[in-house]
Structure formats: structure tokens, C-alpha cells
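>>> let me see the structure of the following:
(one chain, ligands or ions: 1)
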Amino acid sequence: MERSYNFNAGPAALPLDVLKKAQSELTNFKNSGMSVMELSHRSKEYEEVHNRAQQLLRELLNIPENYEVLFLQGGASLQFTMVPINFLGNGNGSYVLTGSWSKKALKEAEKIGKTTIAATSEQTNFDRIPKLNELSIDDNASYVHITSNNTIYGTQWQAFPTVENLIADMSSDILCRPLDVSKFKLIYAGAQKNLGPSGVTVVIADKNFLEKGADNLPTMLDYRTHSKNNSLFNTPPTFAIYMLSLVLEWLKDQGGTEKIQETNNQKASLLYNVIDESNGFYNGHAQKDSRSIMNVTFTLPSDDLTKQFLAESKELGFVGLNGHRSIGGCRASIYNAVPLESVEKLSEFMISFQKKA
Ligand code: PMP
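Coordinates of the predicted model:
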């Protein structure tokens with residue numbers, strides 16, 4: 001088999017057409033006589049790639065004019081620090097805890113200043129997104145931080161709260177559906193799930209909000225450094241940004257976020273239907289109204305059956321179905337680029353595995 005059924009959580013599957021396009025341009029990008037990796041980041045050819053990626057993101061997410069689109073490094077994890085260091089000030093960072101990544105974000109903010117927990121679903125092992133009316137936001141909140149999709153637990157916000165200064169980690173679901181960017185002051189996402197390869201982190205932020213950041217920050221940690229320099233203050237991850245531009249071109253060809261949402265719903269339903277019709281053989285971790293269309297998490301009746309399921313699936317070419325080490329069980333990550341066919345094959349395998357067990 002040439003391509004696996006890749007359900008990795010991130011880095012994750014990329015569209016085959018994107019890989020082929022990159023391959024065809026690898027040694028001689030647009031008659032430059034070199035690969036994108038070998039171009040100067042100050043060259044005209046690279047500048048076009050960089051600006052095209054920004055423009056495509058603007059188009060696909062309908063990003064308002066008064067928002068910046070930045071390409072940073074350090075992964076989403078560095079954003080856990082950059083957000084509070086820029087915006088915490090003398091107020092409270094208000095965090096909604098919906099899984100391991102939001103806890104990590106909170107932990108970094110605690111090192112910078114004051115924080116509060118606006119809501120948490122930790123009591124039930126992060127099996128749900130808190131209801132909007134459960135959020136308790138401090139009067140003195142500098143911002144409210146949420147994680148739109150919880151990669152490990154398989155939960156996803158279905159509607160976003162209307163609060164001031166909302167900031168979201170969208171690493172594992174950006175571009176999986178249409179989005180009203182204007183509800184947020186800042187959105188960040190590591191690329192290695194829905195956007196491209198690892199190495200670049202996309203930040204979308206309200207320009208006025210960025211201007212309110214703290215003074216005298218280390219240069220590289222100050223968002224304004226990057227916004228003033230079109231994310232070219234230092235050498236950006238040029239190849240990752242090139243791959244991002246190809247993934248965005250591909251998404252546009254697929255019909256954009258509305259179309260991809262339909263396909264994503266279809267893919268997720270295939271797996272959730274198998275879970276729901278299994279008479280409890282497969283047990284979904286997430287409560288139904290919090291289910292993610294990107295990461296489907298489930299357990300089997302015993303550890304032995306889980307091991308057998310993973311071993312047999314591996315034989316058949318399925319990759320990445322083991323759950324995160326912190327919760328065990330199984331997880332199928334079905335990001336935008338995971339073909340419907342892979343998900344159909346997985347649902348068929350799940351049904352036949354249960355019949356045999
Ligand atoms: N936030 C979320 C929701 C994630 O899924 C991940 C990575 N799996 C991170 C943050 C951390 O991203 P990075 O490895 O790019 O720092």
C-alpha cells in the first residue's frame with residue numbers, strides 16, 4: 001500500500017495532492033533554479049509565497065481588515081507564554097479548563113501574573129465543554145482563554161461565548177468549519193493538524209488589541225515586532241509557510257470552510273454512529289453535545305480488547321488509533337485532510353471487530 005490510513009493526532013495527514021505538488025516543485029520552484037527551502041526569505045519569490053498564504057487565510061476565514069495574520073515559531077506552546085506576557089497586565093487571565101492543553105496554557109500564565117478559572121470540566125475527566133452560562137468571568141479579567149477543540153479528550157466548543165477579549169487556542173480545529181473571527185481578539189494555532197507541517201504557528205489578532213500589549217517585552221515575544229515586520233523580523237519557517245499555502249489552496253479548491261465542514265460532519269458521524277449503535281461495546285469519551293468532529297475518542301470493554309483492536313488495525317494499515325497516553329483507549333483524529341475513504345474503512349473495521357469479539 002502506498003499511503004496508510006493515517007489517523008495521527010498531529011503531525012497529521014496532509015492532502016496527497018499537496019504532497020505531490022510540493023514534490024513537483026521541490027528542486028526547481030517556479031523556475032528559480034532552487035527549492036523554496038533554498039530561497040532567501042527576502043526574495044521576491046518567497047515574498048509571494050508568504051503573502052499568498054496570508055491572503056488565502058484571510059479569504060478562507062473571512063478575516064476582517066482590522067486583524068493581523070502572523071506566522072510565528074515556537075508552536076502553540078509558546079503562545080501559552082506570549083498571550084499572558086503581552087496581555088495579562090495587572091488584571092486576571094481567565095481560563096476555561098477543558099483539557100490538558102488549556103491546563104498547560106493556564107500553568108504558563110500563572111508564572112506571569114494573576115489568573116482565575118472561569119469554568120472547568122475536570123471533575124468529569126474533561127468529557128464536556130462547560131455550558132456558556134457556567135462561565136464565571138472575573139470583573140478584572142484581562143482576557144478569557146479557551147481551547148476550541150480538545151485534541152486529547154475529543155471535545156469541541158459548538159458555540160463560542162460572547163465575552164470581552166476572547167482568546168482561543170484553535171490548534172486542532174482551525175478551518176474545520178466557518179468561523180466568526182470578530183468574536184475573538186486573538187486566535188492561535190500550531191499548523192501540524194489542519195494547516196500543514198509543524199514549524200509555523202498562525203496567529204490572527206485584532207490590531208488594536210495587539211497595540212495594547214505590555215511595554216519592554218523581549219523583542220521576539222512582543223507581537224508588535226512581528227506585526228510591524230509582516231512576520232519577517234527574523235527568518236520565518238519558509239518551507240512550512242510554503243506548505244501552508246499549498247494546504248490553503250487545496251482547501252479553497254475543496255470549496256472552503258462550509259464545504260469542508262459538511263465532509264467533516266459526514267466523517268465524524270460515521271464513527272459516532274458506530275459507537276452509538278454498538279450497544280456499549282465502544283464507549284465514546286465525550287458527552288454527545290460536546291463531541292469533536294476532529295478527534296473521536298472511545299474505549300473498548302477491556303484493555304485486552306483495546307490491545308487486540310490496535311494490533312489488528314495496524315495490520316490493516318491503520319495508523320495512530322491509540323489514545324493519548326494520559327487517557328488511554330482509542331482516538332481517531334480526522335482532520336480536514338483525512339480522506340472520507342479512510343474513515344469509511346475505519347468504521348467498517350470497527351463493526352467487523354465488534355462482530356468477531
Ligand atoms: N494546543 C492544542 C489544542 C494542541 O492539540 C497542541 C498539540 N497537540 C498544542 C496546543 C501544543 O502545540 P505545539 O506542539 O505546537 O506547541
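
>>> identify the bridge partners of the residue of the stretch 101-250 of the chain found nearest the ligand.
Distances between the stretch 101-250 of the chain and the ligand by C-beta to the nearest ligand atom are smallest at residue 190, namely 2.9 Å. The C-beta positions use only the backbone N, C-alpha and C, and glycine is treated the same way. Applying DSSP bridges to residue 190 yields these beta-bridge partners: residue 201.

>>> test my guess that it contacts residue 171.
Yes: counting by C-beta atoms under 8 Å, residue 190 does reach residue 171; the two are 4.6 Å apart.

>>> can you list residues touching both of these two?
Common contacts of residue 190 and residue 171 (C-beta atoms under 8 Å, 6 or more residues apart in numbering): 10, 76.

>>> so how far is residue 6 from residue 259?
According to C-beta to C-beta, to the nearest Å, residue 259 stands 21 Å off from residue 6.

>>> okay, the two: which has more neighbours?
Using other C-beta atoms under 10 Å, the more surrounded residue of residue 259 and residue 6 is residue 6, with 19 against 13.

>>> how about that one, what does it touch?
12, 13, 319, 320, 338, 342.

>>> filter those down to the buried ones, PyMOL style.
PyMOL command restricting the contacts of residue 6 to the buried ones, with burial defined by 16 or more other C-beta atoms under 10 Å:
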select buried, resi 12+13+320+338+342
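
>>> near residue 67, how many other residues are there?
By other C-beta under 10 Å, the burial measure for residue 67, its neighbour count, is 23.

>>> wait, it touches residue 209, no?
No: using C-beta under 8 Å, residue 67 makes no contact with residue 209, being 9.2 Å away.

>>> work out for me the element residue 71 sits within.
Assessed by DSSP states H and E, residue 71 sits inside strand 67-72.

>>> dump that strand to PDB, keeping only the CA atoms.
The C-alpha coordinates for strand 67-72 follow below in PDB (Å, rounded to 0.1, in the frame of the first residue of the first chain):
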ATOM      1  CA  TYR A  67      -6.900  41.900  12.000                       C
ATOM      2  CA  GLU A  68      -3.300  40.800  11.600                       C
ATOM      3  CA  VAL A  69      -2.300  37.400  10.300                       C
ATOM      4  CA  LEU A  70       1.100  36.400  11.700                       C
ATOM      5  CA  PHE A  71       3.400  33.400  11.100                       C
ATOM      6  CA  LEU A  72       5.300  32.700  14.300                       C
END
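
>>> how far away is the closest residue to the ligand within the stretch 1-150 of the chain from residue 218?
Per C-beta to the nearest ligand atom, the residue of the stretch 1-150 of the chain with the smallest distance to the ligand is residue 75, at 2.6 Å. Per C-beta to C-beta, residue 75 is found 17 Å from residue 218.

>>> mind checking which of those two has more residues around it?
residue 75 (17 against 8).

>>> which non-adjacent residue is nearest residue 59?
Spatial nearest neighbour of residue 59, excluding adjacent residues (C-beta to C-beta, 6 or more residues apart in numbering): residue 252 at 7.0 Å.
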